[in-house]
Structures are given as structure tokens and as C-alpha cells.
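**Student:** Pasted the sequence and its predicted model underneath.
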Amino acid sequence: MLTLTVHSYDSPQAVMQSLAVKPADWKVIENTKTGPSDKRPPYHLLVVSVENVMDHGALGTARLHFFNNRLSRVSFYPKDFAYYKRKLRSDLNIDLDSPALNLRFGARIRSGKDYKDEPYVDFADPVLDDEHNEWISTYS
């Protein structure tokens, strides 16, 4: 499980159903894919944003990344970052202040700030991350 009761390798449809997201609330940020005549292996990156979702009692926005139709990453932007950080520590024993890489439930977990200086927590499947990075380094 990554977070938000969703699992890596879930399809966009399965995640939409699991989060009970209405299609109007499923906002596509990026949808990049190779064309049908492209000789390279398939590449499809879909990134969507869903607002007003709860994770560990914290309200926020989830950015969901799908690589080749499989959930590979969830970036969660809690409205109250300090509260969410405390909840991750108490609920899952995840210390976002630790310099050590957090690996839990098959996910690589880290926190950071985006280009707008908004704090987030990133839950990534390391296998799918590596597959995505390998595709880019080999075929782009």
C-alpha cells in the first residue's frame, strides 16, 4: 500500500473507485504517451490531482502518478503539514525528519517542497520508479 488506501500497480479506474472520486474531481495534470507508430516500448505517464482527500485524519490534495496504467507514486499535500507529520510518526512510525530513507510497506517515503514552496509527502513504489527512470534513460 502506498497511502490513501491505494496500492501501487492499481489502475486509474481502481484508484478512482477506491477514493470514491467523481470524474469532475479527477483533474489531469499530465498525460504523456508514445504514439501507436512509435517503435519504442509503450510509455504512458498520467498525473492527476484530487482535492479534499483524507489520509491519516489529514485533509489535503493528492497528486497521483500512473506509469503505464499502474499507480507508481502518491504525492500528498496536507493542508496542515505539521499535523500530518505527527500522524505519520504516531500511526506508522515514519520519521520525516530522519535523514535515513523511509521504506515502509514497499514504498519509498520522503518529504519536500515543490516549486511553489508547498510541503508534501511522497510515497513511491521503488520498482516502478526504477522502471520509469530506466525507460527514460534508455529511450528518451
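**Tutor:** Sure thing, it's come through.

**Student:** in this protein, which helix or strand is least confident?
**Tutor:** When each helix and strand of the chain is scored by mean pLDDT, DSSP states H and E, strand 102-104 comes last, with a mean of 67.

**Student:** partner strands of the helix or strand just after that one, parallel or antiparallel?
**Tutor:** Next helix or strand after strand 102-104 toward the C-terminus (DSSP states H and E): strand 107-113. Sheet pairing of strand 107-113 (DSSP bridges) gives strand 102-104 (antiparallel), strand 119-124 (antiparallel).

**Student:** So which bits of the very next helix or strand once past the last one are buried?
**Tutor:** If you walk from strand 119-124 toward the C-terminus, the next helix or strand you reach (DSSP H and E) is helix 126-139. For helix 126-139, the buried set under the neighbour-count rule, 16 or more other CB atoms under 10 Å, comprises Leu128, Asp129, His132, Trp135. Any C-beta I mention is one placed from the backbone N, CA and C, and that applies to glycine too.

**Student:** And for the first one, nearest residue in space, chain neighbours not counted?
**Tutor:** Looking back up the chat, that one is Leu128. Ser72 (3.7 Å; CB to CB, 6 or more residues apart in numbering).

**Student:** Give me the helices and strands touching the host helix or strand of the one you found, please.
**Tutor:** Assigning secondary structure by DSSP H and E places Ser72 in strand 70-78. Counting contacts by 3 or more CB pairs under 8 Å, 6 or more residues apart in numbering; DSSP states H and E, strand 70-78 is packed against strand 44-55, strand 58-67, strand 119-124, helix 126-139.

**Student:** okay if I get these as a markdown table plus distance to Asp80 and mean pLDDT?
**Tutor:** Converted to a markdown table, the helices and strands packed on strand 70-78 look like this (distance: least, CB to CB, whole Å; pLDDT from 0 to 100):
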| stretch | distance to Asp80 | mean pLDDT |
| --- | --- | --- |
| strand 44-55 | 12 | 95 |
| strand 58-67 | 6 | 96 |
| strand 119-124 | 10 | 93 |
| helix 126-139 | 28 | 94 |
